[in-house]
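Student: Attaching a predicted model along with its sequence, questions to come.
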Amino acid sequence: MISTKGRYALRVMIDLAKQDADGYVPLKDIADRQQISKKYLEIIVKELVSAKLLVGVSGKGGGYKLSKKPEEYSVGEILEATEGTLAVVACLSENAEKCPRAASCATLPMWSEYNKLVHDFFNSKTLKDLMAEKQ
């Protein structure tokens, strides 16, 4: 399940994508437009900056902006930056230990197929695609 953090991260990214690409947008402005607590957004943007999805500058004239063009972001990478792995079961996580039952697991093929569907879906959508959706 995608938490509010992941959903709000997408809203922040869409908001920034709709702003002037050359300037920095104050977090307070984003919080006001999106009706999300500034304090909660501070946590989210910190993770997005750490993942190099946003650039942040403090001080007068500071704020946040996208580090690349909207069409260069996949929804999957934004969600993974804030949610962690999108693996549907622990054994399919990127850094999971090899399961000793993998060779005999009757459900692993099903989980693998579902996991691929989830990843392919989120990675096929871009930030630009979301900007075009009904607002």
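Tutor: Received the coordinates, thanks. Numbering: from 1, shown residues only.

Student: Break down this structure into its helices, ranges please.
Tutor: 4-17, 27-34, 38-50, 75-83, 108-124, 127-132 (DSSP state H).

Student: With mean neighbour count as added columns, please give those in TSV.
Tutor: In short, each C-beta sits where N, CA and C put it, glycine included. Formatted as TSV, the helices of the chain follow (neighbours: other C-beta atoms under 10 Å):
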stretch	mean neighbour count
helix 4-17	20
helix 27-34	16
helix 38-50	15
helix 75-83	20
helix 108-124	14
helix 127-132	16
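
Student: Adding mean pLDDT and distance to P100, write the ones you listed out as JSON lines.
Tutor: Output for those, formatted as JSON lines (pLDDT from 0 to 100; distance: least, C-beta to C-beta, whole Å):
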{"stretch": "helix 4-17", "mean pLDDT": "97", "distance to P100": "32"}
{"stretch": "helix 27-34", "mean pLDDT": "96", "distance to P100": "46"}
{"stretch": "helix 38-50", "mean pLDDT": "97", "distance to P100": "33"}
{"stretch": "helix 75-83", "mean pLDDT": "97", "distance to P100": "27"}
{"stretch": "helix 108-124", "mean pLDDT": "96", "distance to P100": "12"}
{"stretch": "helix 127-132", "mean pLDDT": "93", "distance to P100": "40"}
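
Student: Distance to G61 added to these, as TSV?
Tutor: Output for those, formatted as TSV (distance: least, C-beta to C-beta, whole Å):
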stretch	distance to G61
helix 4-17	16
helix 27-34	13
helix 38-50	17
helix 75-83	25
helix 108-124	34
helix 127-132	24
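
Student: Ok, which of those comes nearest V89?
Tutor: Nearest to V89 among the helices of the chain is helix 108-124; the distance by C-beta to C-beta comes to 4.8 Å.

Student: Give me the residues contacting that closest one.
Tutor: 74-77, 79, 86-89, 91-92, 99, 102 (C-beta atoms under 8 Å, 6 or more residues apart in numbering).

Student: for stretch 16-29, same thing?
Tutor: The contact list for stretch 16-29, computed with C-beta under 8 Å, 6+ apart, reads 15, 30, 38, 41-42, 45, 54-57, 61-66, 70, 127-128, 131.
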